[in-house]
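Visitor: Here is my input; please provide its structure:
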Amino acid sequence: MKLADIIKLELLKYFRFERQYNLICTEGINQADVNAYNGKSLVEVEIKISKNDFKKEFQTKFNFDNRWKFYKHKRYSEPENNIIRGYIVPNKFYLCVPAELVEWAKEYLEDKNEKYGLLSYDLARYTGKTHIINIKPAHSLHNKEQDKIKIALSISRRTVNELITINEKFIKIKKESDVRKDRIP
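Guide: Predicted coordinates:
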């Protein structure tokens with residue numbers, strides 16, 4: 001399993017069991033690694049597993065490959081204007097890094113949006129439910145009311161897609177395991 005996938009699972013548990021958010025998904029709204037919604041506040045988290053990966057999040061030179069992140073951070077710096085245009089803008093935005101990148105990421109983040117928060121995946125620290133540690137709390141990007149139904153449906157659709165994919169993988173593994181069992185004399 002990839003480190004990013006392990007961190008995603010930890011973030012899902014963090015927002016569900018520690019922060020008590022009800023709707024959580026991966027690869028959801030704005031192509032976020034993790035979205036969490038509690039009916040009032042939408043949180044977005046981007047997982048960065050290396051310095052280079054972290055830096056790519058903030059590329060300022062537009063090109064086809066980074067266009068989504070380029071526009072996303074522009075929208076997040078002027079959320080009210082973009083909400084009026086119909087974009088969903090999270091109330092809070094976090095980056096999550098492995099523990100060994102925390103100090104570097106804190107320093108790098110100082111020159112970016114001051115409202116962005118920083119989370120850490122730290123195997124040496126366990127909260128009782130997860131290995132996610134809040135290093136720098138995120139501040140609200142905005143307090144505008146957004147379309148709750150649109151947000152809830154987006155996260156719910158993505159969650160169902162994830163459940164379907166997981167079940168398909170489970171069934172495939174089960175069938176492969178059954179075939180191997182049949183071959184054993």
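
Visitor: the strands in the chain, which residues?
Guide: Using DSSP state E, the strands of the chain run over 23-26, 34-37, 42-47, 92-98, 117-121, 132-136.

Visitor: Would you mind giving those as a markdown table with mean pLDDT added?
Guide: Putting these into a markdown table (pLDDT from 0 to 100) gives the following:
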| stretch | mean pLDDT |
| --- | --- |
| strand 23-26 | 95 |
| strand 34-37 | 97 |
| strand 42-47 | 97 |
| strand 92-98 | 97 |
| strand 117-121 | 98 |
| strand 132-136 | 97 |
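
Visitor: what's in contact with stretch 11-20?
Guide: 21-22, 24, 26, 33-34, 36, 38, 43, 45, 47, 96, 119, 127, 129-130, 132 (Cβ atoms under 8 Å, 6 or more residues apart in numbering). Just so you know, the C-beta spots here come from the backbone N, C-alpha and C atoms, and that holds for glycine as well.

Visitor: Of those residues, select the buried ones using a ChimeraX command.
Guide: Those of the contacts of stretch 11-20 that count as buried under 16 or more other Cβ atoms under 10 Å are selected in ChimeraX with:
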select :21,24,26,33,34,36,43,45,47,96,119,130,132
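
Visitor: Could you check how far Val102 is from Cys96?
Guide: Distance, Val102 to Cys96, by Cβ to Cβ, to the nearest Å: 10 Å.

Visitor: any common contacting residues for those two?
Guide: Leu118, Ser120.

Visitor: residues in contact with the nearest residue to Ala138 once chain neighbours are set aside?
Guide: Nearest residue to Ala138, sequence neighbours excluded (Cβ to Cβ, 6 or more residues apart in numbering): Gly117, at 2.9 Å. Each residue near Gly117 by Cβ under 8 Å, 6+ apart is listed here: Lys92, Phe93, Tyr94, Leu95, Asn134, Ile135, Lys136, Pro137, Ala138, His139.

Visitor: With Ala105 instead?
Guide: Ala105 neighbours (Cβ under 8 Å, 6+ apart): Lys48, Phe54, Leu95, Val97, Leu118.

Visitor: got CSV for the residues you listed, with distance to Val179 and neighbour count too?
Guide: Listed next are the contacts of Ala105 as CSV, based on distance: Cβ to Cβ, whole Å; neighbours: other Cβ atoms under 10 Å:
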residue, distance to Val179, neighbour count
Lys48, 39, 22
Phe54, 43, 19
Leu95, 43, 26
Val97, 41, 28
Leu118, 46, 21
